[in-house]
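Undergrad: The sequence and its predicted three-dimensional model are supplied below.
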Amino acid sequence: MSVLELLPAIDVTGGQAVRLSSGSVDAGSWGSPIDVARSFDEAGARWVHLVDLDLAFGRGENSELLARVIRETPVRVELSGGITSRAAIEAGLAMGPERVNVATQALARIDDVCEAVDSFGERVAVCLDVRGDRLAARGGCGEGGDVWEVLRVLNEAGVARVVVTDVTRDGQMTGSNRELLERVADSTDARIIASGGVNSLADIEALRALGIEGAIVGKALYQGAFTLADALAVAGCEED
């Protein structure tokens, strides 16, 4: 069975790491993003999913702090949040992450996203925030296009990786939407990162069985549903 790469999430607002439920910040803070990243590294993580929530929601940014996280911790970083234009992609990549995630909002200008896919290749992933069969960008408003048509266009552009989130499950700990992930896997040759709803070691094991590349884990990890070390073991990361 293939390894499922786990990416523990660090969502940052106002300089602090926080928890999310369906895109909204929960009460309370988890402190320094650098300390959180270091704790994930010490637990054996090879990646973190680092999100600038303020940039995503248009209320400021934490770029200097996130650049420090990238510089000062040895884990590989997938940088996300508010990356909606070529300029934002270039600014994000200049901070030094392994890759950046192009926000679902950017797909309103899909030709620009396809150009970025062509220009940056493996260093960009495209976020597909989904509700049913429609795009539903977190941090935005209203309903977007048909996810399957958008995926067809991205496939033609040669997209390397997509990050698939069922927004109705994000931060809810109700389990991953494996049916959605299976449909995406049947519709693309791109590598798939699952996001939203991971709630147990059994869920992680089931995601691994799908043969997708990775999964973002957030609230369940912070609330103690499982330890990162146990999750990495179930995902097969210790075998690689």
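TA: Received, thanks. The shown structure was predicted, so the numbers you read here are calculated from the model rather than taken from an experiment.

Undergrad: OK, contacts around the closest residue to Glu72 other than its chain neighbours?
TA: Excluding the flanking residues, the one nearest Glu72 by C-beta to C-beta, 6 or more residues apart in numbering is Ile34, at 6.0 Å. No exception for glycine: its C-beta is placed from N, CA and C like everyone else's. By C-beta atoms under 8 Å, 6 or more residues apart in numbering, Ile34 lies in contact with 65, 68-69, 72-73.

Undergrad: Just the buried residues from the residues you listed, in ChimeraX please.
TA: Per 16 or more other C-beta atoms under 10 Å, the buried members of the contacts of Ile34 correspond to this ChimeraX selection:
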select :65,68,69,73
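
Undergrad: all strands in this structure, in order from the N-terminus.
TA: Taking DSSP state E as the test, the strands found in the chain are 5-13, 16-18, 20-21, 24-25, 47-52, 76-80, 99-102, 124-131, 134-135, 161-166, 191-195, 214-217.

Undergrad: any chance of these in a markdown table, plus mean neighbour count and mean pLDDT?
TA: A markdown table is the format used below for the strands of the chain (neighbours: other C-beta atoms under 10 Å; pLDDT from 0 to 100):
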| stretch | mean neighbour count | mean pLDDT |
| --- | --- | --- |
| strand 5-13 | 25 | 95 |
| strand 16-18 | 20 | 87 |
| strand 20-21 | 16 | 58 |
| strand 24-25 | 14 | 58 |
| strand 47-52 | 26 | 97 |
| strand 76-80 | 23 | 98 |
| strand 99-102 | 25 | 98 |
| strand 124-131 | 23 | 96 |
| strand 134-135 | 20 | 94 |
| strand 161-166 | 25 | 96 |
| strand 191-195 | 24 | 97 |
| strand 214-217 | 26 | 96 |
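
Undergrad: do you know which of these lies nearest Val234?
TA: strand 5-13 (9.1 Å; C-beta to C-beta).

Undergrad: Let me know the angle separating the closest one from strand 47-52.
TA: Inter-element angle recorded for strand 5-13 and strand 47-52: 20 degrees (by axes from the mean of the first three to the mean of the last three C-alpha atoms, to 10 degrees).

Undergrad: Tell me the strands beside strand 5-13, with direction?
TA: Its sheet considered, strand 5-13 pairs with strand 16-18 (antiparallel), strand 47-52 (parallel), strand 214-217 (parallel) by DSSP bridges.
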